[in-house]
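Participant: Model the structure of this input:
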Amino acid sequence: MNINIKSIHFDATQKLEEYINKKVEKLAKTVGDDADVDIQLKIVKPQTAMNKEASITLPYQGKRIYAEKVADTFEDAILQVIDSLKVQIEKIKNA
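Facilitator: A predicted model of the protein is given here:
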């Protein structure tokens, strides 16, 4: 799985990138090892609580699925996005 992390207007720490890679790698079993996964991290203005936005785009069965969430931390946002993608994948599987 090829994971592309893009952080907008800030530099993501190595620890954050490792966390994201670990969580997203679990999707490899579902979407395939050769998939290109695009992850975008952004701090939403104004800089208050609930200002960390994460989005993931990935291929699944010939489609590109996308999810975006905002949370207090990037870690929480990534978990929410992955949960949302799992729901979308299940819908496509069962369609």
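
Participant: for Lys86, what are its contacts?
Facilitator: 27, 30 (CB atoms under 8 Å, 6 or more residues apart in numbering). Using the backbone N, CA and C atoms, a C-beta is placed for each residue, glycine as well.

Participant: pLDDT score assigned to it?
Facilitator: You'll see Lys86 listed with a pLDDT of 92.

Participant: What of Gln47?
Facilitator: Taking Gln47 on its own, its pLDDT is 71.

Participant: In the chain, mark out all the strands, start to finish.
Facilitator: Using DSSP state E, the strands found in the chain span residues 2-8, 36-43, 52-60, 63-71.

Participant: if I look at Asp83, how far off is Asp34?
Facilitator: Computed as CB to CB, to the nearest Å, the Asp83 to Asp34 distance reads 24 Å.

Participant: ugh, wrong one, I meant Ile43
Facilitator: With CB to CB as the criterion, Ile43 and Asp34 are 32 Å apart.

Participant: Show me which helix or strand of this structure is least confident by mean pLDDT.
Facilitator: Every helix and strand of the chain was ranked by mean pLDDT, DSSP states H and E. The lowest is helix 28-31, at a mean of 79.

Participant: could you say what helices and strands that helix packs with?
Facilitator: Contacting helix 28-31 under the criterion 3 or more CB pairs under 8 Å, 6 or more residues apart in numbering; DSSP states H and E are the following elements: strand 52-60, helix 74-93.

Participant: And that helix, what's buried?
Facilitator: Val31 (16 or more other CB atoms under 10 Å).

Participant: what separates it from the chain centre, distance-wise?
Facilitator: Relative to its chain's centre, helix 28-31 lies at 14 Å (CA atoms, centre = their mean, to the nearest Å).

Participant: before we move on, what about stretch 79-95?
Facilitator: The answer for stretch 79-95 is 12 Å, by CA atoms, centre = their mean.

Participant: Endpoints of stretch 6-23, how far apart?
Facilitator: End-to-end distance of stretch 6-23 (CA to CA, to the nearest Å): 16 Å.

Participant: Distance from the chain centre to it, please.
Facilitator: With CA atoms, centre = their mean, you get 11 Å for stretch 6-23.

Participant: Kindly report the same for stretch 58-75.
Facilitator: Distance, centroid of stretch 58-75 to centroid of chain: 4 Å (CA atoms, centre = their mean).
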